[in-house]
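Asker: with the sequence up front, the predicted model follows.
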Amino acid sequence: MKRRVVVTGLGAVTPLGNDVSTMWQSQLQCRNGVGPITHFDASNFPTKFAAEVRDYDFDSQVENPARFADAGRNIRFAIGAARQAVHDSGIHDSPGFNPARFGVYLGAGEGQQNFLQFMSLVSEAYRDGRIDLRNFTESFISRMNPRYELELEPNMPAAHLSSLFNAQGPNLNCLTACAASSQAIGEATEIIRRGEAEMMLSGGAHSMIHPFGVTGFNLLTALSERNDSPQTASRPFDLNRDGFVLGEGAGMLLLEELEHAKSRGARIYGEILGYGSTADAYRITDIHPEGRGAVACIRMALQDAERNPEEIGYVNAHGTSTRVNDQVETMAVKGGLGEHAWKTPVSSIKSMMGHLIAAAGAVEAITCLLAIRDGVLPPTINYETPDPECDLDYIPNQPRETRIKAALSNSFGFGGQNVALILGGFAG
C-alpha cells in the first residue's frame, strides 16, 4: 500500500496577512491586498501597483537578525512562514524527533538584484555606444558584497530552513516558474511515500516586485495596467481582464507520513491525495492553446489520488487574470473533470492577493485545506462581466458555504510547466 501523506503544520506570509488565520479571514471577508508599489519608484512604469507584503516584522522571527542582514525578501518571507508551520506542527516537541528523517523541499524563487548598483555600473562602463566589459567587471568586483550575491541564489531559502529547523534529511529546491511550490509539495509527498523521510517542510517563497521583475512582465504584456483602479485590476475570468497583478510572499506546509503523525498525536489538517506534473512541450511563454498539458496533469492527479471527477468539490484555479490563461484553464478544467466541471465551483484567490509567482501554489494549497476544514469556499472578487469563453461557476464576489471532501489546486507556469494537486480532508 502507498504510504499516506498528511499536513500537520501551516504557515503563510502574504499580502492578505502575515499568518495563516489572518490570510484566511481576509479571503472570506473579500479583502484586497493590492496597492501602489512602495518598494521602488514605479512612477514611470506602465504598471504602478502590486500586492506587497506589509507590516512584516522579520526581526521577531529569528534569534539573531544580524545573521540575515544580507538576505532578501524571499528568504525573510520563507523563514517567517516556515517558523509558523514548524511551530504549528509541534514536531520538535515530540519525543524521538529524528532530524535525519526531516527534509526540506521548496519551490522558491531567486532574490532581488541591487538594481541601482547594477545600472550605475552599466552607466559608468558605457563608452562610445558600447559597454567596456573590463571596466564593468573590475568595478563590479570592487563593489560587490559576496554575501548579498550568495543570498540571491534560489537554493538559499532551503539552505537557511534546514539550518534553522535542524532538517538533516533531503534538501531540494525547484524553480519551475509559477508552478514551483505546488511541484515542491508534490515531490516532497513522493519522497515521504518512497520512505526517504517521515517529515518534509515544503512550500515556496518569492518576490519579483522590483524593477527587473516588473519590467520583464510588462515587456511580456502580462501585467494589468489598470493604474486608475488597482484594487479592481486582478479580475480572473472576467471579460474585461487585462493582465495579472504581481504579488509576493511565502506559504509553507509541514508534510508528514500518516502513521508517524498519528504516533505523536499530531493535529492533521488534511491529506495530499494526488499529484500530477506535465509539460506542454510547446512554447516558452505560451500555454498550449488546447491546454493539453494542463488536462493531462489534472487527469494524472486524479489517477494518483484514486478519485473520480465527481469527488472533486472545488477547484482552486491558477486563475491569473490574463486573457489566455483563464480561457485555456477553463478548457483544461473541462477536459480534466469532464461533465462534472460545470457542477464544480471554481475560484481564484489571486483576485485578492495577486500572483505570488513561485510561492502561489503553496498558499493556494493551504487555502484548499482550510476550505475543506471550514466548509466555505473563497470567492473570485472583481468578477463583473462574464466571458463567454469562461463559462464555469467562478464563485463571484462572495464566499460560499458548502461542505466538500476534496479539492483540486492548479498551478501553471511560464515555459509550459503544469502541476495539479488534489487535497482532501483527513478521514482516518
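Answerer: Cool, the structure landed.

Asker: going forward, measure contacts between C-alpha atoms and count neighbours the same way
Answerer: OK.

Asker: contact partners for Q29?
Answerer: P399 (CA atoms under 8 Å, 6 or more residues apart in numbering).

Asker: what's the distance between it and K350?
Answerer: For Q29, the distance to K350 (CA to CA, to the nearest Å) stands at 14 Å.

Asker: and D70, by the same measure?
Answerer: Applying CA to CA to D70 and K350 gives a distance of 30 Å.

Asker: more neighbours, these two?
Answerer: Between D70 and K350, counting by other CA atoms under 10 Å, K350 is the more crowded of the two (29 against 16).

Asker: my read: that one touches D326, true?
Answerer: No - checked against CA atoms under 8 Å, the pair K350 and D326 is beyond contact range at 11.9 Å.

Asker: what residues do the two have in common as contacts?
Answerer: Counting by CA under 8 Å, 6+ apart, the contacts common to K350 and D326 are P236, G319, T320.

Asker: the first one in helix, strand or coil?
Answerer: The reference is to P236. Here P236 is coil, with the state taken from DSSP: H, G, I helix; E, B strand; the rest coil.

Asker: neighbours of the closest residue to it other than its chain neighbours, how many?
Answerer: Leaving aside its sequence neighbours, P236 sits nearest to S321 (CA to CA, 6 or more residues apart in numbering; 3.8 Å). For S321, the count of nearby residues is 30 (other CA under 10 Å).

Asker: now S321. Its backbone dihedrals?
Answerer: Per-residue torsions, S321: phi 90, psi 20 (degrees, to the nearest 10).

Asker: any chance of the shared contacts of K350 and D326 in JSON lines, with distance to P95 too?
Answerer: Converted to JSON lines, the shared contacts of K350 and D326 look like this (distance: CA to CA, whole Å):
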{"residue": "P236", "distance to P95": "47"}
{"residue": "G319", "distance to P95": "43"}
{"residue": "T320", "distance to P95": "44"}
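
Asker: of these, closest to Q112?
Answerer: Among the shared contacts of K350 and D326, T320 lies closest to Q112 (CA to CA), at 22.6 Å.

Asker: I'd say the closest one and L356 touch.
Answerer: No - between T320 and L356 there is no contact under CA under 8 Å: 10.2 Å.

Asker: what about stretch 273-283, average pLDDT?
Answerer: The average pLDDT within stretch 273-283 is 95.

Asker: in it, which residues are buried?
Answerer: Neighbour-count burial for stretch 273-283 flags L273, G274, Y275, G276, S277, T278, A279, D280 (criterion: 16 or more other CA atoms under 10 Å).

Asker: mind putting these in JSON lines, secondary structure and distance to A294 included?
Answerer: Formatted as JSON lines, those follow (DSSP: H, G, I helix; E, B strand; the rest coil; distance: CA to CA, whole Å):
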{"residue": "L273", "secondary structure": "strand", "distance to A294": "18"}
{"residue": "G274", "secondary structure": "strand", "distance to A294": "15"}
{"residue": "Y275", "secondary structure": "strand", "distance to A294": "12"}
{"residue": "G276", "secondary structure": "strand", "distance to A294": "9"}
{"residue": "S277", "secondary structure": "strand", "distance to A294": "9"}
{"residue": "T278", "secondary structure": "strand", "distance to A294": "7"}
{"residue": "A279", "secondary structure": "strand", "distance to A294": "8"}
{"residue": "D280", "secondary structure": "coil", "distance to A294": "8"}
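
Asker: determine which two of those are furthest apart.
Answerer: L273 and D280 (23.4 Å).

Asker: now the buried members of the shared contacts of K350 and D326.
Answerer: P236, G319, T320.

Asker: which pLDDT value goes with the second one?
Answerer: G319 is assigned a pLDDT of 98 by the prediction.

Asker: what of L116?
Answerer: On pLDDT, L116 comes in at 85.

Asker: residue ranges of the helices in the stretch 51-200 of the chain, please?
Answerer: With helices called from DSSP state H, counting those that start in this stretch, the stretch 51-200 of the chain shows them at 73-89, 115-124, 133-143, 146-151, 156-165, 180-193.
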